[in-house]
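Q: just a sequence and a predicted model for now, questions to come.
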Amino acid sequence: QVHVAESGGGLVQAGGSLRLSCAASGRTFGSYAMGWFRQAPGKEREFVAAIRWSSGSTYYLDSVKGRFTISRDNNKNTVFLQMNSLKPEDTAVYYCAQGSSGPITIATSYDYWGQGTQVTVSS
């Protein structure tokens, strides 16, 4: 069993920054990537960013490129999402997930999910 837990959400003004953390524990062997998704009220869950454990290759939603940075600490099975220049439209519950196979930007490629952390950006 794998446990995934996010932390670091909160309320911030537009233009501000937040750093989200995600720790994976348990049977993480075989995981090939960690991803961040978000879901705003009344909207579908969408891909935000992902990173491959082995190569460190990163992938981003177009609207967050240049503002968000995903990184990893392999030794601690921890992934970070640094979010800068935040906009009100970034407001959502952010979820971290561990993936095992499939397209890295698709939610169904991820097997284990955290509970989510709320990010609210005020204008």
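A: All right, it came through fine. Just so it is clear, the structure is predicted and the values come from calculations on it, not from any experiment.
Q: quick check: residue 23 vs residue 90, distance?
A: When distance is defined by Cβ to Cβ, to the nearest Å, residue 23 is 22 Å away from residue 90. In short, each C-beta sits where N, CA and C put it, glycine included.
Q: this structure: strands as residue ranges?
A: 2-7, 10-13, 18-26, 33-39, 46-52, 58-60, 68-73, 78-83, 92-99, 110-113, 117-122 (DSSP state E).
Q: make CSV out of these and add mean pLDDT and mean neighbour count.
A: Shown next, in CSV, are the strands of the chain (pLDDT from 0 to 100; neighbours: other Cβ atoms under 10 Å):
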stretch, mean pLDDT, mean neighbour count
strand 2-7, 93, 17
strand 10-13, 98, 13
strand 18-26, 93, 18
strand 33-39, 96, 24
strand 46-52, 96, 21
strand 58-60, 97, 17
strand 68-73, 94, 18
strand 78-83, 96, 22
strand 92-99, 96, 24
strand 110-113, 93, 19
strand 117-122, 98, 17
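Q: list the beta-bridge partners for residue 36.
A: Beta bridges link residue 36 to residue 49, residue 96, judged by DSSP bridges.
Q: ok, residue 92 to residue 21 distance?
A: As judged by Cβ to Cβ, residue 92 and residue 21 stand 17 Å apart.
Q: oh, I was asking about residue 58
A: Residue 58 is 16 Å from residue 21, where distance means Cβ to Cβ.
Q: again, but for residue 121
A: Using Cβ to Cβ, residue 121 is found at 18 Å from residue 21.
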